[in-house]
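**Student:** Structure for this input, please:
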Amino acid sequence: MFQWLRSLIFTVQMYLMMAVIGIGMLPLALWKQKYVYLTVHTYCRWVMWTAGWMVGLKTEFRGKPPTEEALVAAKHQSFLDVLMIASQIPQPKYIMKSSLIHVPVLGWFGKLTGSVPVERGKRAEAIKQMMDGVKSGKVPGGQLVIYPQGTRVAPGDHKPYKVGSAVLYTELGQRCYPVACNVGVFWPRYGILKKPGTAVIEFLDPIEQGLEKNAFMSHLEDVVETRSKELMRDAGFKFD
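**Tutor:** Sure thing, here's the model as predicted:
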């Protein structure tokens with residue numbers, strides 16, 4: 001019960017500070033692009049810092065994140081992995097649900113970073129939206145983060161990898177950085193409770209250009225799922 005109350009207080013302040021930091025920094029962000037990323041990084045680091053002392057959830061980073069323009073294909077288990085990845089790359093932008101673009105603060109900075117909103121459940125249309133958004137030239141460069149499974153996936157569950165990441169890998173002509181994590185062991189998809197421990201994201205070896213679509217998809221899923229399971233087991237999660 002005590003941990004749940006700590007988690008509730010942490011969650012309330014997390015969203016309150018999203019408004020405080022986002023609105024407070026918005027004039028600067030609208031003035032210069034560098035302040036967009038400063039705001040994003042400041043908020044992400046605030047959440048990670050407060051998670052450490054408010055609920056006992058530490059964060060750890062492994063591997064080398066990209067600094068050049070690149071595609072980042074990541075395991076997605078909760079809001080925390082979004083923040084952790086964004087905190088480590090210089091110019092983060094996301095393939096995000098279209099409904100989020102209308103959310104105050106979150107949606108504003110989604111637009112300012114050049115994140116690409118797509119409709120869930122309409123694969124052909126979503127792929128076209130992704131490519132149109134990325135190729136339009138209206139969005140700033142940087143590191144484009146996509147979640148190949150298309151949604152948050154709880155530890156122990158499995159959802160298929162979707163073709164959108166392969167399309168972006170082929171069309172953008174950039175290397176792809178896979179990312180594994182164990183975040184869902186401590187910070188679940190839904191609910192208030194956050195558990196103490198160490199949440200890890202790991203940037204894996206980049207996938208260079210040149211693979212055909214099916215080979216890319218197979219390799220991406222293999223390395224992300226294998227390493228994520230290892231990280232989750234190390235964190236004490238037991239698979240059935």
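**Student:** so residue 56 touches residue 199, yeah?
**Tutor:** No: in this structure, residue 56 is not within contact of residue 199 by Cβ atoms under 8 Å, at 11.0 Å. Glycine gets a C-beta too; all of them are placed from N, C-alpha and C.
**Student:** Look at those two and report which has more neighbours.
**Tutor:** Taking other Cβ atoms under 10 Å, residue 56 and residue 199 do not tie; residue 199 has more neighbours (27 against 16).
**Student:** any chance you could map the strands in the chain?
**Tutor:** Shown for the chain, the strands assigned by DSSP state E span residues 57-62, 70-74, 92-97, 116-118, 143-146, 176-181, 197-203.
**Student:** who wins for proximity to residue 236 among the ones you listed?
**Tutor:** Nearest to residue 236 among the strands of the chain is strand 197-203; the distance by Cβ to Cβ comes to 7.7 Å.
**Student:** Please save the CA atoms from that closest one in PDB.
**Tutor:** This file holds the C-alpha atoms of strand 197-203, laid out as PDB (Å, rounded to 0.1, in the frame of the first residue of the first chain):
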ATOM      1  CA  GLY A 197      14.500  -1.700  -9.100                       C
ATOM      2  CA  THR A 198      16.700  -0.700 -12.100                       C
ATOM      3  CA  ALA A 199      15.000  -0.100 -15.400                       C
ATOM      4  CA  VAL A 200      17.500  -0.700 -18.300                       C
ATOM      5  CA  ILE A 201      17.400   0.300 -22.000                       C
ATOM      6  CA  GLU A 202      20.200  -1.000 -24.200                       C
ATOM      7  CA  PHE A 203      21.100   0.400 -27.600                       C
END
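**Student:** Taking their axis directions, that strand and strand 70-74 sit at what angle?
**Tutor:** Between strand 197-203 and strand 70-74, the angle comes out at 140 degrees (axes from the mean of the first three to the mean of the last three Cα atoms, to 10 degrees).
**Student:** relative to strand 176-181, how tilted is strand 197-203?
**Tutor:** If you take the same axes, to 10 degrees, strand 197-203 sits at 170 degrees to strand 176-181.
**Student:** Pairing partners for strand 197-203, with directions?
**Tutor:** Strand 197-203 has these partner strands in its sheet, going by DSSP bridges: strand 57-62 (parallel), strand 176-181 (antiparallel).
**Student:** Average pLDDT for it, rounded please.
**Tutor:** Averaging pLDDT along strand 197-203 yields 98.
**Student:** Over to stretch 227-240?
**Tutor:** 93.
**Student:** Pull out the buried positions in that stretch.
**Tutor:** By 16 or more other Cβ atoms under 10 Å, the buried positions in stretch 227-240 come out as 227-229, 231-232, 235.
**Student:** Tell me which stretches of this structure form helices.
**Tutor:** For the chain, the helices defined by DSSP state H cover 2-31, 33-54, 79-88, 106-113, 123-135, 164-172, 213-234.
**Student:** Residue 203: which of those helices is closest?
**Tutor:** The closest of the helices of the chain to residue 203 is helix 79-88. By Cβ to Cβ, the value is 7.6 Å.
**Student:** Pull out the buried residues from the closest one.
**Tutor:** Neighbour-count burial for helix 79-88 flags 80-88 (criterion: 16+ other Cβ under 10 Å).
**Student:** Would you mind giving those residues as a markdown table with distance to residue 37 and pLDDT added?
**Tutor:** What follows is those, written out as a markdown table (distance: Cβ to Cβ, whole Å; pLDDT from 0 to 100):
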| residue | distance to residue 37 | pLDDT |
| --- | --- | --- |
| 80 | 19 | 97 |
| 81 | 19 | 97 |
| 82 | 15 | 96 |
| 83 | 14 | 97 |
| 84 | 15 | 98 |
| 85 | 13 | 98 |
| 86 | 9 | 97 |
| 87 | 11 | 97 |
| 88 | 12 | 97 |
